[in-house]
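**Student:** Next come a sequence and a model predicted from it.
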Amino acid sequence: MFLGPSESAILQLEDPDCEEGSNPPCESIFSLNAEKILNQAKLFVEQRRFPFAVENQNTNEELAIGYVLIGNGLYDEAIKHFSLLLQGDPELVSAIYGRGIAYGKKSLQDIKNADLALYELSRVIALEPSRPEVYEQRAEILSPLGRISEALSDLTKAIQLQPSARLYRHRGTLLFISEDYMAAMEDFQQSLELKFTQAAEVLSREAIEVFKEALKLKSDFIDAYKSLGQAYRELGDFENAMESFQKALLLDQNHIQSLQLRGMMLYHHGSLQEAIGNFKVNQVCVCPKWCCVYLFVAKISVPLSQCPLAYNPRALQEVKQALENVNKVEDLLPIMKQFNSKTRDGFTVNSKVPSLKDPGKEYDGFTITITGDRVGNMLFSVETQTTDERTQQYQSEIEALYKDLTAKGKTLMLSTELGDADAVCNLILSLVYYFCNLMPLSRGSSVVAYSVVMGALMASGKEVLGRIPSGKLFDFEAMTTVSPDRFSKTVKSWMNLKSLPSWYQNLPSVSETFQLTRTMIEVLNTDSSSHCPKKS
């Protein structure tokens, strides 16, 4: 049973430091109605919506009042309430934790409260070292203070105790701020996988009931059958999924999404020929040449109707002077760090890509933005803005290079001159240079580009023995190099090209060995170092 208003530690509606009869008169220390607070607290107790509950019901009710106050933004009142509870029991963990949260909320307005929040949360960890939410809460206080390494340590501990999509996403964000991009990417990927795993089954079961109700109201609702089949597929219910897709296709035999989903399900269940039959219906693209892969990927990129220009009018004169001496993108970040206190809003730089087809002409490249926050953290971002006009410009450049490459390739077949082979290599790398500058920066487009490069070079009689240097990205190198000629020179120094050895003649046909795109992708992601010959 709840305490009455006069008995509750917090429900002293007058300020305890105010003397009766004073001028001005004493006022309520918060605007919420006492009955409303009690009702919310009662609900908190019933639903166990606050941490570290105890066996004593009255104590739980008092603790719940404190968390209700926090939820309503009354942080000072919550701190007073928890402090009164701690006078009776100095090691009441939930009260310590609640006071720490309240101090943490106040630190957003006054950073001095952050130390008090950290002290309280550290006390909780000392008393209850196996609760992941406390480590996460402390990390949320540490990170705005710039104490990123300590925050990362707390999040890692929380993940060890109880991994969740939220924790991986939080840690990934801090790793990104710390410029550890590979580790950040791994955490973001793990977050997505966990989020799907933890939520998919519950959401799928709920979705099934919704789609069934929709079909009762409209029995010819194709998308509902398709979505119902997809939900069954996520639960591993092959028969019901197949039945739902079949009903959708009876209503429209060319319903592309149903064909695609049914084909994917058949493929994963080993029915390859049936899957191919589904995928071939309404096939929209066949790429007979490897150049078509580039052009098709470029065409399906979503164009933006407008590309707003970015301009920072508050850049200081010394920053402008420093930027004039920049020759490469890597020099931008030190400048940002040097002038951080004066350029908190950051700056934006747009790159240009020279044309080989029309000398003297330039195309829009990408936009690089560097910003900082109040504690000195840096955010480095790269954006590629795709428009119809820009896509056509790059496509014409790629087509011209491909035409030239075809002619040079025919010449190479009849020639023994080393210069002809080098010219073909430069054309291949120049073509990839424009592709990388056209497409948004992504691992997928980079894999396509580099794989085609290796295949094209092999077709021209060259073997790639080198590796991309540690810390370098193939596509980003193309985006940050001022010309295709310089890009070709740099990449050739990585590749260590040699003539093909004789045993290449005995290799099986690619089309016979890898009949599906999936098998090709699997090979590209396999560490082949232990299987490939060490020497030519």
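**Tutor:** Everything's here; your move. Residues are numbered from 1 along each chain as shown.
**Student:** Could you use CA atoms for every contact and neighbour count after this?
**Tutor:** Fine.
**Student:** All the strands of the stretch 401-536 of the chain, residue numbers only.
**Tutor:** If you assign secondary structure with DSSP state E, counting those that start in this stretch, the strands in the stretch 401-536 of the chain sit at 462-464, 497-499.
**Student:** Need the winner for burial among these.
**Tutor:** Per residue and on average, the most neighbours among the strands of the stretch 401-536 of the chain fall to strand 462-464, with a mean of 19 (mean count of other Cα atoms under 10 Å).
**Student:** Can you give me the neighbour number for the closest residue to residue 121 other than its chain neighbours?
**Tutor:** Using Cα to Cα, 6 or more residues apart in numbering and skipping residues adjacent in sequence, the residue nearest residue 121 is residue 100, 5.6 Å away. A count of nearby residues for residue 100, using other Cα atoms under 10 Å, gives 30.
**Student:** could you turn whatever helix or strand residue 100 lives in into PDB, dropping everything but the C-alphas?
**Tutor:** Secondary structure assigned from DSSP states H and E places residue 100 in helix 93-106. As requested, the backbone C-alpha atoms of helix 93-106 are provided in PDB (Å, rounded to 0.1, in the frame of the first residue of the first chain):
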ATOM      1  CA  VAL A  93      21.400   0.400  -4.700                       C
ATOM      2  CA  SER A  94      18.400   1.600  -6.600                       C
ATOM      3  CA  ALA A  95      18.400   5.000  -4.900                       C
ATOM      4  CA  ILE A  96      22.200   5.400  -5.600                       C
ATOM      5  CA  TYR A  97      21.600   4.500  -9.200                       C
ATOM      6  CA  GLY A  98      18.600   6.800  -9.500                       C
ATOM      7  CA  ARG A  99      20.500   9.700  -8.000                       C
ATOM      8  CA  GLY A 100      23.300   9.000 -10.500                       C
ATOM      9  CA  ILE A 101      20.900   9.100 -13.400                       C
ATOM     10  CA  ALA A 102      19.400  12.400 -12.200                       C
ATOM     11  CA  TYR A 103      22.900  13.900 -11.900                       C
ATOM     12  CA  GLY A 104      23.700  12.600 -15.400                       C
ATOM     13  CA  LYS A 105      20.600  14.300 -16.800                       C
ATOM     14  CA  LYS A 106      21.500  17.600 -15.100                       C
END
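**Student:** following that helix, which helix or strand comes up?
**Tutor:** Following the chain from helix 93-106 toward its C-terminal end, the next helix or strand by DSSP H and E is helix 113-127.
**Student:** just the angle between that following helix and helix 93-106, please?
**Tutor:** Comparing the axes of helix 113-127 and helix 93-106 via axes from the mean of the first three to the mean of the last three Cα atoms, to 10 degrees yields an angle of 160 degrees.
**Student:** Tell me the helix or strand right after helix 113-127.
**Tutor:** Secondary structure here is assigned by DSSP H and E; on that basis, the next helix or strand after helix 113-127 toward the C-terminus is helix 132-142.
**Student:** contacting residues around that following helix?
**Tutor:** Contacts of helix 132-142 from elsewhere in the structure, counted by Cα atoms under 8 Å, 6 or more residues apart in numbering, are 97, 101, 104, 114, 117-118, 121-122, 124-125, 148, 150-152, 154-155, 157-159, 161-162, 167.
**Student:** 6 Å instead, please
**Tutor:** Where contact means Cα atoms under 6 Å, 6 or more residues apart in numbering, the residues beyond helix 132-142 that reach it are 151, 154-155, 158, 161.
**Student:** Quick check, pLDDT for the closest residue to residue 161 other than its chain neighbours.
**Tutor:** Nearest residue to residue 161, sequence neighbours excluded (Cα to Cα, 6+ apart): residue 132, at 5.9 Å. Taken from the predicted model, the pLDDT recorded for residue 132 is 92.
**Student:** Count the neighbours of residue 132 for me.
**Tutor:** Other residues within reach of residue 132 by the criterion other Cα under 10 Å amount to 21.
**Student:** before we move on, the earlier item: got a PyMOL select line for the buried ones in the contacts of helix 132-142?
**Tutor:** In PyMOL, the members of the contacts of helix 132-142 classed as buried (16 or more other Cα atoms under 10 Å) are selected with the following command:
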select buried, resi 151+154+155+158
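**Student:** okay, the longest strand along the chain in PDB with CA atoms only?
**Tutor:** With DSSP state E applied, the strand covering the greatest number of residues in the chain is identified as strand 362-372. The C-alpha trace of strand 362-372 is given here as PDB (Å, rounded to 0.1, in the frame of the first residue of the first chain):
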ATOM      1  CA  GLU A 362      36.000  18.700 -65.000                       C
ATOM      2  CA  TYR A 363      33.200  16.800 -63.300                       C
ATOM      3  CA  ASP A 364      31.800  17.000 -59.800                       C
ATOM      4  CA  GLY A 365      33.500  14.600 -57.500                       C
ATOM      5  CA  PHE A 366      32.600  14.100 -53.900                       C
ATOM      6  CA  THR A 367      32.000  16.300 -50.800                       C
ATOM      7  CA  ILE A 368      34.200  15.900 -47.700                       C
ATOM      8  CA  THR A 369      33.000  17.400 -44.500                       C
ATOM      9  CA  ILE A 370      35.000  17.800 -41.200                       C
ATOM     10  CA  THR A 371      33.300  19.000 -38.100                       C
ATOM     11  CA  GLY A 372      34.100  19.100 -34.400                       C
END
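**Student:** Remind me what it packs against, helices and strands.
**Tutor:** Helices and strands touching strand 362-372, as assessed by 3 or more Cα pairs under 6 Å, 6 or more residues apart in numbering; DSSP states H and E, comprise strand 347-354, strand 378-383.
**Student:** measure residue 91 to residue 125 for me?
**Tutor:** In this structure, residue 91 and residue 125 are 12 Å apart, going by Cα to Cα, to the nearest Å.
**Student:** ok, these two, which is more surrounded?
**Tutor:** residue 125 (17 against 14).
**Student:** okay, now residue 218: neighbour count?
**Tutor:** Using other Cα under 10 Å, residue 218 is surrounded by 11 other residues.
**Student:** what's around residue 358, how many residues?
**Tutor:** 9.
**Student:** Repeat that for residue 385.
**Tutor:** Residues within reach of residue 385, counting by other Cα under 10 Å, total 20.
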